[in-house]
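A.B. asks: just coords:
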Ligand SMILES: O=C(O)CCC(=O)C(=O)O
Ligand SMILES: [Fe+2]
């Protein structure tokens, strides 16, 4: 069972809630059609009904056999949340409540619907428990545990108290993980390289064979694998920074106190704070505060047991919610690749106690589609609110322009890359005819540096190999691998296309670069042993025929102190003996034929500083 809304310390006193085990995943494997799953995901309903069963021990539609009462409750619950949020800006709400008019009158009615429903559920559960002989089913839900406990302390644990506890539980957990996941999928669609990196992490961390089916893969997700998904954890934290579950919140002071900023607060004072605004403040997060990117701090928090100084119950609640979201994301990203269905659609948030994607329930417009390797059909992913330009309500033109400018910078890092200038006068340095040649200054120095920065901000993953004894080349370097057609196209158009106009292979012509772009990082002591590069069949008569390497550091980059004078790291080609030794030069491209004409080659060990390389392949058709 999954609980992500444990809110009340007294609940913890009853013993720790059931651990998040495989139930949430079993829920998936019961769904045989993955497309159904995709439809379910962004809708808050499944999390809500699951939580409902967990909390109350009965289904949401248990009253009267139809889901009418349940959906009325859900609607009333949502509407109350919206009206209560409006109190932040409606200074007359107390008068309106007193006079019972307008939104306050509506709120009163909605609260009654909610109360009636919850009381009925509590009575129903009491009846069920007293008529069930089988003890083992009694205590599975949280309500039963409280009912059990209330027998010991009927005075303090009244029906009203139980109602409040249960509503608190539903409210805190309600929609929160689902809405965070909606924002998360939206953000990783906007930042495909992050999506790719999470996919790689999931593949590395979860021990399942490559062709493991949905349910087998799901079953292999254990607590330890979830703990090791640091990058995914960090990406979820970054999502929560930009789209906190509670955009506005307040706390009541239990006693006189002094806040860290020096403000004196008195017992009973209410302190309001705004996580949404705080998550975007430049003084806290730097100039790129509005940009979704990898932040070192999140990685640290994810990989250590370091926790923000919150209460134990809050940590537990967070931990459970993270696990639930990580499980969900890991399974989906393993099998699907998500992209936005409508790049132009404007996304809004809904004014509510929980920061929901507006239009989250509009099933009509396909928002994102999902395709994972080899999957033939495009699965429609409906319901994650509309993508693209975030338009914050009340933003004026000037603010909007300022923000757009910043987004452009962010795009360099998050999935989009430094712009590459087209170059007209590239020199070709033929080392072995058209089979091996270099192009100095293929990237300018600033382009090379910008790529290093962009790659570093994404973060690398270490690549090892089984080694020559197992038939694999020795390999020790760090890598990022992204699928980015746009990046492939801009590198191709910047000068390679013209160079390859003259190169034909058995009547085939070069048509572009493999969108699978890789970045390598070799630190001191790291190298890539002797190997040959295989030609890859991309389908549709498209095959890769040349390896492209662009050195991002090397000779020429030493004016930047942090990348001073790379030593070692030469790419060396062999035939009977050494054919060529190519020392890396910043911005230089190296191209060599691969497949059955590929020369044996290696990347020698780096002995000083760091070698960065961009790698792709030239595709022929
Ligand atoms: O890093 C290098 O210099 C060589 C890389 C390489 O051989 C490869 O990517 O296949
Ligand atoms: Fe190679």
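C.D. replies: Perfect, thanks for sending it. Note that the structure is a prediction, hence the values are computed from the model and not measured. Ligands and ions are numbered 1, 2, ... in the order given.

A.B. asks: Go through stretch 531-547 and flag the buried ones.
C.D. replies: For stretch 531-547, the neighbour count (16 or more other Cβ atoms under 10 Å) marks 531, 533, 535, 536, 543, 544, 545, 546, 547 as buried. Backbone N, C-alpha and C define where each C-beta goes, glycine included.

A.B. asks: Nearest to ligand 1: which residue in the stretch 351-500 of the chain?
C.D. replies: Using Cβ to the nearest ligand atom, the single residue of the stretch 351-500 of the chain nearest to ligand 1 is residue 477, 7.3 Å away.

A.B. asks: What count of nearby residues applies to that residue?
C.D. replies: 20 (other Cβ atoms under 10 Å).

A.B. asks: Report the contact partners of the residue in the stretch 51-200 of the chain that ligand 1 sits nearest to.
C.D. replies: Among residues of the stretch 51-200 of the chain, the one nearest ligand 1 by Cβ to the nearest ligand atom turns out to be residue 200. It sits 16.4 Å away. Contact criterion Cβ atoms under 8 Å, 6 or more residues apart in numbering gives 461, 481 as the residues in contact with residue 200.

A.B. asks: what pLDDT does it get?
C.D. replies: pLDDT recorded at residue 200 is 87.

A.B. asks: any idea which of the buried residues of stretch 531-547 is closest to residue 607?
C.D. replies: Taking Cβ to Cβ as the measure, residue 607 lies nearest residue 531 of those, at 20.8 Å.

A.B. asks: Now do the closest one against ligand 1, distance only.
C.D. replies: To ligand 1, residue 531 is 7 Å away according to Cβ to the nearest ligand atom, to the nearest Å.

A.B. asks: for the residue of the stretch 401-550 of the chain found nearest ligand 1, what are its contacts?
C.D. replies: In the stretch 401-550 of the chain, no residue comes nearer to ligand 1 than residue 533, which is 4.8 Å away by Cβ to the nearest ligand atom. Residues near residue 533 by Cβ under 8 Å, 6+ apart: 547, 592, 594, 595, 598, 601, 617.

A.B. asks: a strand runs through it, doesn't it?
C.D. replies: No - in this structure, residue 533 is coil, not part of a strand, as judged by DSSP: H, G, I helix; E, B strand; the rest coil.

A.B. asks: Tell me the secondary structure of the residue of the stretch 351-500 of the chain closest to ligand 1, please.
C.D. replies: Taking three-state DSSP as the rule, one finds residue 477 in the strand state.

A.B. asks: returning to what we had before: report the two of the contacts of residue 533 separated the most.
C.D. replies: When Cβ to Cβ is used, the two most widely separated members of those are 601 and 617, lying 14.3 Å apart.

A.B. asks: sec struct for the nearest residue to residue 428 once chain neighbours are set aside, please.
C.D. replies: Spatial nearest neighbour of residue 428, chain neighbours left out: residue 437 (5.4 Å); criterion: Cβ to Cβ, 6 or more residues apart in numbering. Local secondary structure at residue 437 is given as strand here, using three-state DSSP.

A.B. asks: And for residue 111?
C.D. replies: Once three-state DSSP is applied, residue 111 turns out helix.

A.B. asks: And for residue 509?
C.D. replies: For residue 509, the assignment made with three-state DSSP gives strand.

A.B. asks: where's it relative to residue 620, distance?
C.D. replies: Between residue 509 and residue 620 the distance, using Cβ to Cβ, to the nearest Å, works out to 6 Å.

A.B. asks: quick one, which of the two is more surrounded?
C.D. replies: residue 620 (23 against 11).

A.B. asks: I'd say the more buried one and residue 513 touch.
C.D. replies: No - with contacts defined as Cβ atoms under 8 Å, residue 620 does not count as touching residue 513, sitting 11.2 Å away.

A.B. asks: so what's residue 549 up against?
C.D. replies: For residue 549, the residues meeting the contact criterion (Cβ under 8 Å, 6+ apart) are 571, 589, 590, 591, 613, 614, 615.

A.B. asks: wait, I meant residue 518
C.D. replies: Counting by Cβ under 8 Å, 6+ apart, residue 518 makes contact with 479, 480, 481, 482, 614, 615, 616.

A.B. asks: Setting the sequence-adjacent residues aside, check what's closest to residue 434.
C.D. replies: Nearest one to residue 434, counting by Cβ to Cβ, 6+ apart, is residue 503 at 5.4 Å.

A.B. asks: now residue 513
C.D. replies: Leaving out its chain neighbours, the residue that sits closest to residue 513 by Cβ to Cβ, 6+ apart is residue 488, at 4.0 Å.

A.B. asks: quick one: average pLDDT of the helix or strand the one you found falls within?
C.D. replies: When secondary structure is defined using DSSP states H and E, the element that contains residue 488 is helix 485-491. Helix 485-491 comes out with an average pLDDT of 89.

A.B. asks: May I see the buried residues of that helix?
C.D. replies: Residues of helix 485-491 classed as buried under the neighbour-count rule (16+ other Cβ under 10 Å) are 487, 488, 490, 491.

A.B. asks: List the contacts of the third one.
C.D. replies: If I follow you right, that is residue 490. Applying Cβ under 8 Å, 6+ apart to residue 490 gives the contacts 417, 419, 420.

A.B. asks: Which of the helices or strands spans residue 217?
C.D. replies: Here residue 217, judged by DSSP H and E, is contained in helix 214-219.

A.B. asks: For this protein, which helix or strand comes out least confident on mean pLDDT?
C.D. replies: Across the helices and strands of the chain, the lowest-confidence element by mean pLDDT, DSSP states H and E is helix 23-30, at a mean of 25.

A.B. asks: residue ranges with poor pLDDT in the stretch 51-200 of the chain?
C.D. replies: For the stretch 51-200 of the chain, the stretches flagged by pLDDT under 70 are 51-67, 132-141, 169-175.

A.B. asks: do that again at 90, thanks
C.D. replies: When residues are selected by pLDDT under 90, those of the stretch 51-200 of the chain lie in 51-91, 114, 117-183, 185-193, 195-197, 199-200.

A.B. asks: hang on, the earlier thing: right, and the pair among the buried residues of helix 485-491 with maximum separation?
C.D. replies: Checked with Cβ to Cβ, the buried residues of helix 485-491 reach their widest spread between 488 and 490, with 7.6 Å between them.

A.B. asks: how many other residues sit next to residue 422?
C.D. replies: For residue 422, the count of nearby residues is 10 (other Cβ under 10 Å).

A.B. asks: on that earlier part again, not counting residues beside it along the chain, what's closest to the residue of the stretch 401-550 of the chain closest to ligand 1?
C.D. replies: In space, not counting the residues next to it along the chain, residue 533 is nearest to residue 594; the distance is 3.9 Å by Cβ to Cβ, 6+ apart.

A.B. asks: what about the one you found, distance to residue 108?
C.D. replies: Relative to residue 108, residue 594 is positioned 73 Å away (Cβ to Cβ).

A.B. asks: can you check residue 554 too?
C.D. replies: Computed as Cβ to Cβ, the residue 554 to residue 108 distance reads 72 Å.

A.B. asks: Comparing these two, which residue is more hemmed in?
C.D. replies: A direct count of neighbours by other Cβ under 10 Å for residue 554 and residue 108 places residue 554 higher, at 25 against 13.

A.B. asks: Show the pLDDT at that one.
C.D. replies: On the pLDDT scale, residue 554 is placed at 93.
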